[in-house]
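> Generate a structure from the sequence data that follows.
(one chain, ligands or ions: 2)
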Amino acid sequence: MSSCSCKGIRTCITCEKEGKIPFLDLQQTAWTDFSNHPNHEGDFILYPGIEIIHNFVSPDEEREITEKIYQTPFVDSQSGRRKQDYGPKVNFKRKKLKCDVFTGLPDFSHSLYKRMNDYPVLKDFIPVEQCNLEYTQERGSAIDPHFDDFWLWGERLVTLNLLSDSVLCMTKDDSPDIEIHVPLTRRSLIVVYGPARNIWKHGIHRNDITQTRLAITFRELSSEFQSQGPSAKLGQDLMDIALSFKGVAVGNKAV
Ligand SMILES: O=C(O)CCC(=O)C(=O)O
Ligand SMILES: [Fe+2]
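Ligands and ions are numbered 1, 2, ... in the order given. The predicted structure is shown next:
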């Protein structure tokens, strides 16, 4: 029995030391090849759906937020990540939601939320989930290419990048020779929407985690849970809870 949280094909340095073989080492090849790829030097492709707001928080704010985050215990997650969740308990496969464990987003996110609404791309953004992820080089943290769920989560994925720079890698299964590398600079906020959200998968390579990184991802509801949708009532309840900003991380209630 491994002492980490990785299931199935996922690995981190802990379970690899115990003999588990990393499945996705092909990523390393893609990365190396890409630096010599002709498209990297000359041509470009249009790539809509990414907005980066540099210096969204100041160094002082980064320190305060980081201190608050580290006052809450993390839960081990897959591929060497650790996480703190503020949101409903979700069974994505069965499309089921439970709100009773959700107490809202944490207090420190209130001012971040208000500031987001100052930017046109996030004018009407209402987050109903916050996930704080910690990546470290020691644990070999990474996240495999994936889509965020489409049933529950809406158009915009919003991430605040803290403590170090990294790279978001965008890939498309039908174009295996193309990787789009999006800079995740320290203290920037990235908004992923449109084709970058709906057509391209996103992930982070282990090699791109060179120092501890904290990512705070905020998600909004899909149209199914918004005002005209069939689950609007549940959606409104979720928004009310989220915006109380009295949240305790899910799974840490007794702490
Ligand atoms: O760490 C990040 O910036 C991305 C995390 C992510 O894609 C996710 O949690 O779904
Ligand atoms: Fe994601």
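
> Could you list every helix and strand in contact with the helix or strand containing residue 60?
Counting by DSSP states H and E, the element that carries residue 60 is helix 59-69. Helix 59-69 sits against strand 153-162, strand 213-221, with contacts defined as 3 or more Cβ pairs under 8 Å, 6 or more residues apart in numbering; DSSP states H and E. Quick note: C-beta positions are derived from backbone N, CA and C, even for glycine.

> closest to ligand 1 out of those?
strand 213-221 (3.5 Å; Cβ to the nearest ligand atom).

> got the CA coordinates for the closest one in CSV?
In CSV, the C-alpha atoms belonging to strand 213-221 read as follows (Å, rounded to 0.1, in the frame of the first residue of the first chain):
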residue,chain,number,x,y,z
ARG,A,213,3.7,26.9,-6.1
LEU,A,214,0.3,27.7,-4.7
ALA,A,215,-2.6,27.9,-7.2
ILE,A,216,-6.0,29.2,-6.1
THR,A,217,-8.6,28.2,-8.7
PHE,A,218,-12.1,29.8,-8.6
ARG,A,219,-14.9,28.2,-10.6
GLU,A,220,-18.4,29.5,-11.6
LEU,A,221,-21.5,27.6,-12.3
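
> hmm, back to that, could you dump the helices and strands packed on helix 59-69 to CSV with distance to ligand 1, mean neighbour count and mean pLDDT?
As requested, those are exported to CSV (distance: least, Cβ to the nearest ligand atom, whole Å; neighbours: other Cβ atoms under 10 Å; pLDDT from 0 to 100):
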stretch, distance to ligand 1, mean neighbour count, mean pLDDT
strand 153-162, 5, 22, 98
strand 213-221, 4, 23, 98
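
> what does the stretch 151-255 of the chain put close to ligand 1?
159, 202, 204, 215, 217 (Cβ under 6 Å from any ligand atom).

> go again using 5 Å as the cut-off
159, 215 (Cβ under 5 Å from any ligand atom).

> For this protein, which segments are assigned as strands?
50-53, 75-76, 82-86, 89-91, 96-98, 129-135, 143-146, 153-162, 166-171, 179-184, 189-192, 201-204, 213-221 (DSSP state E).

> what's the least confident stretch among those strands?
Of all the strands of the chain, strand 179-184 carries the lowest average pLDDT, namely a mean of 87.

> which residues are contacting it?
With Cβ atoms under 8 Å, 6 or more residues apart in numbering as the test, strand 179-184 has contacts from 30-31, 34, 47, 50, 52, 159, 161, 165-171, 190, 200, 204, 213, 215.

> Just the buried subset of those residues, please.
30-31, 34, 50, 52, 159, 161, 166-171, 190, 200, 204, 213, 215 (16 or more other Cβ atoms under 10 Å).

> buried residues in stretch 170-184?
170, 171, 179, 180, 182, 184.

> what's near enough to touch the most centrally placed residue in the chain?
For the chain, the residue nearest the mean C-alpha position is residue 217 (4.5 Å; Cα atoms, centre = their mean). Contact analysis of residue 217 by Cβ under 8 Å, 6+ apart lists 130, 131, 132, 133, 157, 158, 159.

> ok, which pair from those is furthest apart?
132 and 157 (14.5 Å; Cβ to Cβ).

> For the stretch 1-150 of the chain, just list every one of the helices.
13-17, 26-35, 38-41, 59-69, 109-116 (DSSP state H, counting those that start in this stretch).
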